[in-house]
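In: Build me a structure from this.
(3 chains, ligands or ions: 2)
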Amino acid sequence: MASAERIGIRSDRDILLARQRGRELGRSVGFVATDLTLIATAISELARNIVLYAREGVIELRVVTEDSHRGLVIVARDHGPGIVDVNRAMQDGYSTSGGLGLGLPGVKRLMDGFEIHSRAGRGTTVQIAKWLRT
Amino acid sequence: MDVPVLKQGPFLIATVQSALTDADLAQMRRLLIEQVGKFRSRGVIVDVTAVDVLDSYACRTLRDIAHMTGFRGAATVIVGIHPELAFTMVQLGLSLEGVATALDLEEGLAYLNARTRPTIARGNSPRNSAGPPRNGTHTRGKR
Amino acid sequence: MVTRGTLQQPAVGATGTESAIALLRELVAHLRQNRTQLREEWARRITEAELLTAMTKEEIFAEATSVYDNYVEALETGTFEALQSYSRNLSERIIPRGVETHEVVGIVLLLRDVLARSLFAKYQGDFTKLNRILDAYEPAANRIANTVAVGFVQERERIIREQQEAIRELSTPVLQVRERLLILPIIGVIDPQRARQLTEQLLRGIRTNRAKVVVIDITGVAAMDAAVANHLVQTVDASRLLGATVIVTGLSPEIAQTLVTIGVDLGKMTTVGDLQGGIEEAERLLGYKVLPLVESPVEA
Ligand SMILES: Nc1ncnc2c1ncn2[C@@H]1O[C@H](COP(=O)(O)OP(=O)(O)OP(=O)(O)O)[C@@H](O)[C@H]1O
Ligand SMILES: [Mg+2]
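Out: Residues are numbered from 1 along each chain as shown, chains lettered A, B, ... in the order given. Ligands and ions are numbered 1, 2, ... in the order given. Purely as a prediction, here's the structure:
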């Protein structure tokens, strides 16, 4: 299986596809069932944000090795409207769409690494990582 | 993909397939609310045994179903949440507060039966009081 | 980490790709011709160096044969998949018998040495040729050694991980005291990792035992930081998602304080002073009569 993948995100079907791919790639890395669910759920949240707020974007999945640590890095990237106040968007319950506002802060809790870059009018990039437990 | 909804006496049972799109979920919500009204159902079971991800959107849909069928006089119980899923959901912050949950279909039916049965039956049955927990458990005891 | 690609690469430069391929081909032919003798020589040197002492002579020879053939094949085809999967498989078999990393690295280096010596013997009359052969051989041999060693180390890590997991599972029993009632006594220090393990184990236990009530007894837990306290709350919530009610017993005033500090509404958590009280409460929830029966049960 390839160790990197890129999935275009345009519709709610692509959300399903992306999380399925994440699960498969995660399995090939050796993640246990719980971690696979965490990974698929995180992808689902990020992909939905893309569809909902930016209309389209991509999800990139990559197997990585860093000083004997193996893991999965996931990048969600779009050129949508961006987030004006990232700090607020990272708070539980903050939503501009009537959602639960748990997507971004929740994903951060699910993963081992989380980085978000967003500029109003330019787009949003969220990079997350999950490492194999040792 | 359609969500099959089965009418079982006074109850409706919706069996959710593994990978539902947001549109499918919305469709299921519409269907259940409509049918509860049509059949005057007293209970709804949403079976998510086959589901591999319950993210914030899916949880919101489940919560909405519970609330909206509640307005129409039906109790809703979500059954079949997998251990890994439960673990993931609470970390995300999705604990489905205020929505009844049960282990599986059998338990869900037992819960609805206990809940919708006339209260006279209580007291005889050795297993009626441990229905699925709803949100408000309470502190008891000596601390 | 993905070891893939062709062997010709390292040889490119000094000698040029084409002649490197030709040389490797000649080399492979030599190794095939002298298979029996070289294999025996290698097995002998392994025993001499006191490597793989956990294995019998016959076993060593059998493995040596497979490694040798895989080695030659990797040289010939320039692909490492077969060697890689063989070395994983080998590791899986020999790790439980106590074979150490240095032994595996040792035997591969020995093979490299045995083969180099035989090349010496064969080409000693023609130094230019010998040098060119060695130039083609060295990088390939290094890569093979690397592949085998990395495969071994990864397999070892995986096995260690599995063992740790198993040990942790053993150290925290989820007890079924009666039908539909589980008790999880937590003792000792809980770090976030162990907390996660406990939760996962409990959730699986709830499902397999079809538990409706769980008593988590934390009398044996001295202190709890915010992260672990948070985990406790998550465990309670996750259990509820599976349809089980959690009763927490043995909550010390300090831990209760921690819970309040992180914003937990203790009113939403069912807490009972001690384990005995917790079990009684659980039985009440399950519909069992705890006090001596006043009336005899009604038959159906
Ligand atoms: N890719 C994005 N582009 C633009 N804005 C975004 C993007 N992702 C998130 N946001 C903004 O950040 C807010 C918080 O996102 P988050 O995913 O946490 O919650 P939500 O999507 O509103 O609700 P939920 O995910 O719980 O259904 C969103 O309401 C939206 O305003
Ligand atoms: Mg969102």
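
In: Just give me the neighbour total for the residue in chain A that chain B sits nearest to.
Out: Minimum separation of chain A from chain B (Cβ to the nearest Cβ) falls at residue A:106, amounting to 3.5 Å. Bear in mind the C-beta positions are built from the backbone N, C-alpha and C, glycine included. Residues near residue A:106, counting by other Cβ atoms under 10 Å in any protein chain shown, number 23.

In: secondary structure element for it?
Out: Using DSSP states H and E, the element containing residue A:106 is helix A:103-110.

In: near chain C, anything from that helix?
Out: No: counting by Cβ under 8 Å from any Cβ of the partner chain, chain C is not contacted by helix A:103-110; separation bottoms out at 9.7 Å.

In: isn't the residue of chain A closest to chain B right up against residue B:95?
Out: No: look at residue A:106 against residue B:95 with Cβ atoms under 8 Å: they stay out of range, at 11.6 Å.

In: returning to what we had before: now for the helix holding residue A:106, which elements pack on it?
Out: Judged by 3 or more Cβ pairs under 8 Å, 6 or more residues apart in numbering or on different chains; DSSP states H and E, helix A:103-110 is in contact with helix A:33-49, strand A:113-119, strand A:123-131, helix B:83-92.

In: Next secondary structure element downstream of the last one?
Out: Where DSSP H and E defines the elements, the next helix or strand beyond helix B:83-92 is strand B:100-102.

In: As CSV, the helices and strands packed on helix A:103-110 with mean pLDDT, distance to ligand 2 and mean neighbour count would be great.
Out: Shown next, in CSV, are the helices and strands packed on helix A:103-110 (pLDDT from 0 to 100; distance: least, Cβ to the ion, whole Å; neighbours: other Cβ atoms under 10 Å in any protein chain shown):
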stretch, mean pLDDT, distance to ligand 2, mean neighbour count
helix A:33-49, 96, 4, 25
strand A:113-119, 97, 12, 15
strand A:123-131, 97, 11, 20
helix B:83-92, 96, 10, 25
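
In: Dump these into a markdown table; add distance to residue C:107 as well.
Out: Shown next, in a markdown table, are those (distance: least, Cβ to Cβ, whole Å):
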| stretch | distance to residue C:107 |
| --- | --- |
| helix A:33-49 | 35 |
| strand A:113-119 | 38 |
| strand A:123-131 | 32 |
| helix B:83-92 | 41 |
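
In: what residues are up against residue B:20?
Out: B:1, B:3, B:28, B:51, B:58 (Cβ atoms under 8 Å, 6 or more residues apart in numbering or on different chains).

In: 10 Å - rerun?
Out: Residues near residue B:20 by Cβ atoms under 10 Å, 6 or more residues apart in numbering or on different chains: A:12, A:16, B:1-3, B:26-28, B:48, B:50-51, B:53, B:58, B:61.

In: Please apply the same query to residue A:85.
Out: Taking Cβ under 10 Å, 6+ apart, one finds A:91, A:94, A:118, A:120 in contact with residue A:85.

In: Looking at these, spot the one nearest residue A:50.
Out: The nearest member of the contacts of residue A:85 to residue A:50, counting by Cβ to Cβ, is residue A:118 at 12.2 Å.
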